[in-house]
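Peer 1: One predicted model, sequence on top.
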Number of protein chains: 2
Amino acid sequence: MAKARTTIHDIAKELHITAATVSRALNGNQAISARTRQAVADAAVRLQYKPNQIAASLRTGKTFTVGVLVPAADRSFFGSIIRGIEEVLAAAHYSVIVAQTHEGQQAEERAVETLLRLQVDGILASVAKGSAEFHYFEKVRQAGVPLLFFDNVWRSMPVSSVVIDDYLGAYRATEHLIEQGCRRIVHLWGHRTSYLYQERLRGYKAALADAGIRVDDTLVYECKSDPAAGQRITADILAQHPDVDGIFSSSDFAAVGVLQSLQAAGIDVPGQIAIIGFANEPFTQFVTPALSTVDQHTHTMGQIAAELFLEEIQANKPFTPHVRILEPDLVLRGSSLRKA
Amino acid sequence: MAKARTTIHDIAKELHITAATVSRALNGNQAISARTRQAVADAAVRLQYKPNQIAASLRTGKTFTVGVLVPAADRSFFGSIIRGIEEVLAAAHYSVIVAQTHEGQQAEERAVETLLRLQVDGILASVAKGSAEFHYFEKVRQAGVPLLFFDNVWRSMPVSSVVIDDYLGAYRATEHLIEQGCRRIVHLWGHRTSYLYQERLRGYKAALADAGIRVDDTLVYECKSDPAAGQRITADILAQHPDVDGIFSSSDFAAVGVLQSLQAAGIDVPGQIAIIGFANEPFTQFVTPALSTVDQHTHTMGQIAAELFLEEIQANKPFTPHVRILEPDLVLRGSSLRKA
């Protein structure tokens, strides 16, 4: 095993003094003689002791670092939120570090513990969609560390959050397909436990009902958010619902898989089946036809989350949590726009 | 201003004892009476003092956290490397935190300082392509923190690294275009200062020379790694070189922009102009025609980087740096494969 890093105890041993004296010497305590302080300083350099932000952190309680917790930093959706956060926090001299949960509860719990261990000054989190409990987020609050949610939230926790109106986004996406003449509209949705997917399902059903179209639960398919899952589910959809004429997917990733499978099956998109996704991932522009989708103002979401954090640390406690809800926009492209 | 977090000094003040006594009490030092230890423990809970990994870190010098530095975590290339790192380190009970540089030297320096301040046990970095110096990486080594590079490296620093053979990847990509009948091959390349782009340029030229094709420097265009830059440069290429019949882009992002602009101009890909990119970003599968590219074994690269880190912290110092070079593979798709 490599030697652990130099600690004040190593310096103490080297100089035959107590660790408490080393600590006081390093902190410039005048009760310690100048000679001892110099000896400690010399030993610290010689032993490569880091004169060490840890000690500074013990005094100020601040690391000027904010931890951002996301399911996957390589999804452009989260990447864009993180950039919004970084911009605002860099201007306030905070650094941002990112930990990934891959949508899993265990990884989320470990990541929260890591960020607390590193003494971040705040945690901004999009909750893993596989998480069923949040006791470790309670630990963050108990530790007095500001906690904020964005995108996917625990609504029962009294913390600030920035979300988009998933109901409205889904309503508008479905309404658009109806305006394009679709009547048998499949909805691909995500984790049953996730509030945001429930909201999208509710928006889809409301748009159908408002247009006088019968809601048919067999048209709702649970589908993972990746192209392969979209490809796999297409055959099921076509076999079970040969009359499908529109698909509203809660995920751009699944939608692009469906698009490819439909084209491979010789089905015209959008002529026979119109498709709209959700999230406005950059690749949606590159596919042919380009994929219609719902934009969630991710960059703005990140900026607002960071601003709420700065407000909270500057406020006198107790701080009243803010909930900010952004309106999503439709981005209409070739996959759903039928010729007049 | 919000109150800074509770420190040992607050507890000391509350109990009218010295901070050194608080520190010793929290560390279970038997020289402190049981009654005082209990009072300190009670006050720590009451004042929400974090009983605190910082103190543990001071003793052990370890946080079991590794910092990963990348230009942009939302590029699938880096996302995949990070997943490889996470997998190996999770098995060894290390957490991974990520900091982004956005290819800028200032941001890179700040990120390195942040990671040192957080007392990470190691730093795995892909150097920002905009960086011209590396004194802050020297600080990492001076602090005794293991440092490893992947992808883009400072070759003059004696640290372990994992890279792919960029020369070979470029050579094979260019050779493939020549085999498809291309003779006037444009090369889109990146930052002049970046070793990996220099290697790709060298590979491109060597493949041309080996095939007896004259190297024409006016066919080499510097181009940013994004679709908009690829779109903008296409008009220049077509105006200056109407005889171009192949494009080897150092970037998938630029390549997809070129592809779109060529199609908008009514040019057949791959018939008139064959295209191959570099990095095998997932979206290269979704475009039409699908984009040929060079796979860099990113997941493996991350795994190896993490394994080298574990070797290093387990080794007796001084540790001899390892350099691992991976062979890239061609991924051939519709954008470059002409019909027989």
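Peer 2: Looks like it came in fine.

Peer 1: any idea how far A:Q260 is from the residue nearest to A:E281 when sequence neighbours are not counted?
Peer 2: Spatial nearest neighbour of A:E281, excluding adjacent residues (Cβ to Cβ, 6 or more residues apart in numbering or on different chains): A:D252 at 4.3 Å. Quick note: C-beta positions are derived from backbone N, CA and C, even for glycine. Going from A:D252 to A:Q260 by Cβ to Cβ, to the nearest Å gives 13 Å.

Peer 1: Which one's more surrounded, those two?
Peer 2: Per other Cβ atoms under 10 Å in any protein chain shown, whichever of A:D252 and A:Q260 has more neighbours is A:D252, with 28 against 20.

Peer 1: That one is in contact with A:G277, isn't it?
Peer 2: Yes. Between A:D252 and A:G277 a contact is recorded at 3.9 Å, counting by Cβ atoms under 8 Å.

Peer 1: Quickly list what's touching both of those two.
Peer 2: Both A:D252 and A:G277 are contacted by A:284, A:291, A:293, under the criterion Cβ atoms under 8 Å, 6 or more residues apart in numbering or on different chains.

Peer 1: Which members of these occur in helices, if any?
Peer 2: In helices, judged by DSSP state H, none of the shared contacts of A:D252 and A:G277 are found.

Peer 1: Reformat those residues as a markdown table; add neighbour count.
Peer 2: As requested, the shared contacts of A:D252 and A:G277 are exported to a markdown table (neighbours: other Cβ atoms under 10 Å in any protein chain shown):
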| residue | neighbour count |
| --- | --- |
| A:T284 | 27 |
| A:L291 | 28 |
| A:T293 | 29 |
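
Peer 1: Can you tell me which of the residues you listed lies closest to B:E311?
Peer 2: A:T284 (42.0 Å; Cβ to Cβ).

Peer 1: Now render the shared contacts of A:D252 and A:G277 as TSV, adding pLDDT and distance to B:R232.
Peer 2: Converted to TSV, these look like this (pLDDT from 0 to 100; distance: Cβ to Cβ, whole Å):
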residue	pLDDT	distance to B:R232
A:T284	92	21
A:L291	97	23
A:T293	98	24
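
Peer 1: Which ones among these lie within strands?
Peer 2: Judged by DSSP state E, the subset of the shared contacts of A:D252 and A:G277 located in strands is A:T293.

Peer 1: Just name the closest of the shared contacts of A:D252 and A:G277 to B:I313, please.
Peer 2: A:T284 (42.6 Å).

Peer 1: Against chain B, how distant is the closest one?
Peer 2: 9 Å (Cβ to the nearest Cβ, to the nearest Å).

Peer 1: hang on, isn't that residue packed against A:V294?
Peer 2: No. At 10.3 Å, A:T284 does not count as touching A:V294 under the criterion of Cβ under 8 Å.

Peer 1: got any residues that touch both of those two?
Peer 2: In contact with both A:T284 and A:V294: A:277, A:331, using Cβ under 8 Å, 6+ apart.

Peer 1: so when I look at A:I82, I'm seeing a helix, right?
Peer 2: Yes. Checked against DSSP: H, G, I helix; E, B strand; the rest coil, A:I82 lies within a helix.

Peer 1: Tell me, how many residues neighbour it?
Peer 2: Neighbourhood size, A:I82 [other Cβ under 10 Å]: 25.

Peer 1: How confident is the prediction for it, by pLDDT?
Peer 2: For A:I82, the pLDDT comes out at 96.

Peer 1: Just list the residues touching it, thanks.
Peer 2: A:68, A:70, A:73, A:96, A:98, A:302, B:73-74, B:100 are the contacts of A:I82 under Cβ under 8 Å, 6+ apart.

Peer 1: Check A:R333 too.
Peer 2: With Cβ under 8 Å, 6+ apart, A:R333 has these contacts: A:284-285, A:289-293.

Peer 1: Adding distance to B:A25, write those out as TSV.
Peer 2: As requested, the contacts of A:R333 are exported to TSV (distance: Cβ to Cβ, whole Å):
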residue	distance to B:A25
A:T284	59
A:Q285	61
A:P289	69
A:A290	65
A:L291	62
A:S292	64
A:T293	58
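
Peer 1: coming back round to it: would you list the phi and psi of the residue nearest to A:E281?
Peer 2: Dihedral angles of A:D252 (phi, psi; degrees, to the nearest 10) stand at phi -60, psi -40.

Peer 1: separation between it and A:A207?
Peer 2: 19 Å.

Peer 1: Please apply the same query to A:S126.
Peer 2: 26 Å.

Peer 1: for A:A274, same thing?
Peer 2: 14 Å.

Peer 1: One more: A:R117?
Peer 2: The gap separating A:R117 from A:A207 is 46 Å, by Cβ to Cβ.

Peer 1: More neighbours: those two, which one.
Peer 2: Counted by other Cβ under 10 Å, A:R117 and A:A207 do not tie: A:A207 has more neighbours, with 23 against 20.

Peer 1: so the closest residue to that one other than its chain neighbours is in which element?
Peer 2: Excluding the flanking residues, the one nearest A:A207 by Cβ to Cβ, 6+ apart is A:T174, at 3.6 Å. Assigned by DSSP states H and E, A:T174 belongs to helix A:166-179.

Peer 1: With only the CA atoms kept, save that helix in PDB.
Peer 2: What follows is helix A:166-179, C-alpha atoms only, in PDB (Å, rounded to 0.1, in the frame of the first residue of the first chain):
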ATOM      1  CA  ASP A 166     -44.500  18.300 -18.100                       C
ATOM      2  CA  TYR A 167     -48.200  18.200 -18.300                       C
ATOM      3  CA  LEU A 168     -48.300  21.200 -20.600                       C
ATOM      4  CA  GLY A 169     -45.500  19.900 -22.800                       C
ATOM      5  CA  ALA A 170     -47.300  16.500 -23.300                       C
ATOM      6  CA  TYR A 171     -50.600  18.300 -23.800                       C
ATOM      7  CA  ARG A 172     -49.200  20.500 -26.500                       C
ATOM      8  CA  ALA A 173     -47.300  17.600 -28.200                       C
ATOM      9  CA  THR A 174     -50.400  15.500 -28.300                       C
ATOM     10  CA  GLU A 175     -52.600  18.400 -29.500                       C
ATOM     11  CA  HIS A 176     -50.100  19.000 -32.300                       C
ATOM     12  CA  LEU A 177     -50.400  15.400 -33.500                       C
ATOM     13  CA  ILE A 178     -54.200  15.800 -33.400                       C
ATOM     14  CA  GLU A 179     -54.000  19.000 -35.500                       C
END
